[in-house]
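> Fold the following, please.
(one chain, ligands or ions: 1)
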Amino acid sequence: MSSSAQILPAGAGYGVVIGVGFFFAFVMMGISHLQNKYTRFNTKTSEEFNTASRSIKPGLIASGIVSAWTWAATLLQSATVAYEYGVAGPFWYAAGATVQIFMFSILACKVKMNAPRAHTYLEIIQARYGRTAHITFLFFALVTNILVGSQLLLGGSAVVTSLTGMNVYAAIFLIPVGVCAYVVLGGLRATFLCDYSHTLILMIIILYFMFNAYATNDLIGSPGEMYELLKKAAVQRPVEGNIDGSYMTLKSNYALVFGVIQLCSGCGTVFLDQAYWQRAIASRPTTAVKAYILGGIAWFAIPFGFATTLGLCAVALTDNPRFPTYPNVPSSSDISAGLAAAYSAQALLGKGGAVALLIVLFMAVTSCASAELIAVSSLLTFDVYQRYIRPTASPASLIFVSHAMICVFGLTMAVFACIWNAIGIDLGWLFLVMGLLIGGAVFPAAFAITWRGQSAAGAIAGAIGGLIVGIAAWLAVAKVYFGELTIATTGTEYATLAGNLAAVASGLILTVVVSLIKPQNFDWSITRNINAESAMVVESQLQQKQMQEGKHDTATAVVEPSDDEKTTSPEKDTSSTPSISEPMPSSQYPSTAIEDHEDAERAADRLIEESPNSLRGAFKLACIASFVLTFIMDFLVPMPMFFSHYVFSKGFFTAWVVISFIWVFASTAISVVLPVVETAGFLKQFARDIVSGKKAKA
Ligand SMILES: NC(N)=O
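Numbers count the residues shown, from 1 in each chain. Down below sits the predicted model:
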């Protein structure tokens, strides 16, 4: 690893990694204590720990989606492709990975319609296809989480090490420690709250870099000056595959190839990552779709705004004496390791820039790591421990295992990051290769909740066949084009493009063809029945509590399943029966207006769970919004500019930069302001309860 960017002492690295991590752990300890004491949501129940009682509002879900989807790579790899391909890089990074979030809104809605009480998507696979498919998809789910988790630590530690000289292995192992601590202490709801605060800091720092580069910095200071510097850079270092070698065009062949890889790989890392299913599960049924559409719109601004600033600054300032590698240009291995952003932060702002980058990166790594930790913990708890090891596990042991699995996965992702580091695999390589390893399972997993005709054989054939075909295409193209199989040749654009496309397409073709030979005609009431028994008991506990409070009428009428539901329910999935004895927290005081409102919302949600057709409107909205937005982002905007070979004028470039600012502000409004607005009533009541000492009963 080059040390040309080292500008801070190693102590700064340890300070951020340990100090900030533990600061959030203590904040979380405080929040969880107050939550358990003053609200009806108790982190000591596995339902609350793993699903946040399915009560989170759309702004906070959107913020959680933004933070889960903001990896170290979202900042580092987007800056890398900006450095390599110019403006087309950040555009394709953002456009290629936003549409999966839009598409996931369809799955989120279907989960609410077809499996409203599931904890994990693997419970749906198990209920629908049985054990072989469950184990197959468990494999793909864990591979996805290991790849994403280790890639976070690999990218994050590379930059921490490069800026501070901190030992890379110490960084890899220490980054997850504080995160594990706060996730263990707080569970999913607390993770949302920490994610929120991380997203707030992330947005502030991105805006700081943007205003500095485009408004105040003496080296650039305006879009016009950036334009001139990029023009000069195109003469000195023209971009291969771009029209006229320009950095200011969407006619960039390699950026387009990267965009397609990003599309394929993003499908895998969203659809197969329990973190996104978990956010759908934690949503209220009526708002899940809105949350995913808002989350996608908000997330786009992060790589787009960040890399249009720091990635392009790295190009513009490479020949400036303040650039860390001056008078040399950065090596391709430094760029592939994700150092373009570090170089330009340092050139623009010196030590202040390095510290800001260190913090923004740490926020991105830890907020995504927290989502990965709790997602994997849920899989290992419900889909491994409870399903295969102790089906009659008590609620206390489920919580204990959830906590232990968070630590196990924290260690696992660190070990894998060390392995990649030791064998010379960097962030850029892993980023391009991830998708082809998991792409085969994308459509089979999506069809599990959307297509009643997919058979178990079709799902398994698609997933495993896609893996085999994807790897074969990847290695074959690398060998044919370059004559040898090395880390360098297997990490090239064309080889990874072939692997990613082959994996996703063959997964789709195989699952459709095999399923059509003997379609399943699945009865969704089977998946609707997952965890139904435990949910009924929890509801009856709620009713008892409400009767004690003298407001029996609020929810009673809607929590009982209809007679129809009772008589037609096929095989009951009793996997979660033990959780029926989880204590239902209750208030020892008469309920407040906020609690009455929550009860009414809960009652309305139960009513919707019992009549999935009421979500048809939301489903239509999800389909229309995701297809229209995808068409606009990935075709209508870029393709005319690609095919017309348009090179940005100064005015157009200025407008492009202004749009990136507006989008970052809009994103801040969605992921930072909206969650506060929609929970303002609750927060006021919560503060009043704390001041007046009103508690919830244990
Ligand atoms: N989450 C991504 N692809 O940055």
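> thought Ile201 was touching Met363?
Yes. Counting by Cβ atoms under 8 Å, Ile201 touches Met363, with 5.1 Å between them. Every residue, glycine included, has its C-beta placed from N, CA and C.
> ok, the two, which is more surrounded?
The residue with the greater number of neighbours, taking Ile201 and Met363 and applying other Cβ atoms under 10 Å, is Met363; the counts read 26 against 17.
> Could you pull out the buried residues of the helix or strand where Gln35 lies?
Remark: Gln35 resides in helix 21-38, with elements defined by DSSP states H and E. Of the residues in helix 21-38, those buried by neighbour count under the rule 16 or more other Cβ atoms under 10 Å are 21, 24-25, 27-29, 31-32, 35-36, 38.
> next one: stretch 186-204
Of the residues in stretch 186-204, those scored as buried under the neighbour-count criterion (16+ other Cβ under 10 Å) are 186-203.
> before we move on, the earlier item: helices or strands next to the helix holding Gln35 in the packing?
Contacts defined by 3 or more Cβ pairs under 8 Å, 6 or more residues apart in numbering; DSSP states H and E place helix 21-38 against helix 168-211, helix 680-692, strand 696-697.
> what do you get if the cut-off is 10 Å, keeping everything else the same?
helix 168-211, helix 340-378, helix 680-692, strand 696-697 (3 or more Cβ pairs under 10 Å, 6 or more residues apart in numbering; DSSP states H and E).
> so who does Tyr656 touch?
In this structure residue 656 is Trp, not Tyr. By Cβ atoms under 10 Å, 6 or more residues apart in numbering, the residues touching Trp656 are 87, 90-91, 223, 227, 248, 304, 308, 648.
> who wins for most neighbours among the residues you listed?
Using other Cβ under 10 Å as the neighbour definition, the contacts of Trp656 reach their maximum at Thr308, which records 33 neighbours.
> My guess is that one contacts Ile659. True?
Yes. Here Thr308 reaches Ile659: they are 9.2 Å apart, a contact under Cβ atoms under 10 Å.
> Spit out the residues that contact the two alike.
When contacts are counted by Cβ under 10 Å, 6+ apart, Thr308 and Ile659 are jointly contacted by Ala301.
> what ranges do the helices span in the stretch 401-550 of the chain?
For the stretch 401-550 of the chain, the helices defined by DSSP state H, counting those that start in this stretch occupy 427-438, 442-450, 456-482, 487-490, 493-517, 525-528, 532-548.
> and of these, who's closest to the ligand?
Nearest to the ligand among the helices of the stretch 401-550 of the chain is helix 427-438 (8.0 Å), distances taken as Cβ to the nearest ligand atom.
> Count the residues that sit near Gly11.
11.
> ugh, typo on my part, it should be Phe102
22.
> Just give the nearest non-adjacent residue to it, would you?
Residue nearest to Phe102 in three dimensions, not counting chain neighbours: Ser626, with 3.8 Å by Cβ to Cβ, 6 or more residues apart in numbering.
> For the one you found, pull up the helix or strand it's in.
Here Ser626 is assigned to helix 616-631, by DSSP H and E.
> Report the rounded mean pLDDT for that helix.
If you average the pLDDT over helix 616-631, you get 94.
> Tell me the helices and strands packed up against it.
By 3+ Cβ pairs under 10 Å, 6+ apart, helix 616-631 packs against helix 88-114, helix 288-317.
> Tell me the buried residues in stretch 493-502?
Applying a neighbour-count criterion of 16+ other Cβ under 10 Å, one finds 493-502 buried in stretch 493-502.
> I'd like the average pLDDT over the helix or strand Glu84 falls within.
Following DSSP H and E, one finds Glu84 within helix 72-85. Along helix 72-85, the predicted confidence averages to a pLDDT of 94.
> picking that back up, and of the helices and strands packed on helix 21-38, who's closest to the ligand?
Judged by Cβ to the nearest ligand atom, the one of the helices and strands packed on helix 21-38 that comes nearest to the ligand is helix 340-378, at 7.9 Å.
> Any idea how far that closest one is from the middle of the chain?
Between the centre of helix 340-378 and the centre of its host chain there is 15 Å, according to Cα atoms, centre = their mean, to the nearest Å.
> That one near the ligand anywhere?
No. Judged by Cβ under 6 Å from any ligand atom, helix 340-378 stays clear of the ligand, getting no closer than 7.9 Å.
> What residues sit buried inside that helix?
By neighbour count with 16+ other Cβ under 10 Å, helix 340-378 contains the buried residues 340-349, 353-378.
> The residue in the stretch 101-250 of the chain positioned nearest to the ligand: how many residues sit nearby?
Among residues of the stretch 101-250 of the chain, the one nearest the ligand by Cβ to the nearest ligand atom turns out to be Val148. It sits 8.3 Å away. Burial of Val148 is recorded as 27 neighbouring residues (other Cβ under 10 Å).
> swap in Arg602?
Neighbour count of Arg602, defined by other Cβ under 10 Å: 20.
> Over to the one 10 residues further on?
Close neighbours of Pro612, defined as other Cβ under 10 Å, add up to 19.
> pretty sure it is touching Phe619, no?
Yes. Applying Cβ under 10 Å as the test, Pro612 and Phe619 come out as touching, 9.3 Å apart.
> Overlap of the contact sets of these two?
The contact sets of Pro612 and Phe619 overlap at 109-110, 112-113 (Cβ under 10 Å, 6+ apart).
> any chance of those in CSV, with neighbour count, distance to the ligand and pLDDT too?
Listed next are the shared contacts of Pro612 and Phe619 as CSV, based on neighbours: other Cβ atoms under 10 Å; distance: Cβ to the nearest ligand atom, whole Å; pLDDT from 0 to 100:
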residue, neighbour count, distance to the ligand, pLDDT
Cys109, 29, 22, 94
Lys110, 24, 22, 94
Lys112, 27, 24, 91
Met113, 24, 27, 93
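> Quick check: Val17 touching Val159?
No. The pair formed by Val17 and Val159 falls short of the contact definition of Cβ under 10 Å, at 11.6 Å.
> Next, show the common contact partners of the two.
Contact criterion Cβ under 10 Å, 6+ apart; residues bridging Val17 and Val159 by contacting each: 171, 358, 362, 365.
> so where is the stretch 401-550 of the chain shaky, pLDDT-wise?
Applying pLDDT under 70 to the stretch 401-550 of the chain flags the ranges 534-550.
> near the ligand, which residues of the chain show up?
Contacts of the chain with the ligand, taken as Cβ under 6 Å from any ligand atom, map to 69, 71, 73-74, 97, 266.
> can you rerun that using 8 Å?
Taking Cβ under 8 Å from any ligand atom as the test, the list of the chain residues beside the ligand reads 69-71, 73-74, 77-78, 93, 97, 262, 265-266, 269, 299, 303, 368, 431.
> For the residue nearest to Ser333 when sequence neighbours are not counted, the count of nearby residues, please.
Once its chain neighbours are removed from consideration, Ser333 has its nearest residue in Asp426; the separation is 7.1 Å (Cβ to Cβ, 6+ apart). Look at Asp426: counted by other Cβ under 10 Å, it has 22 neighbours.
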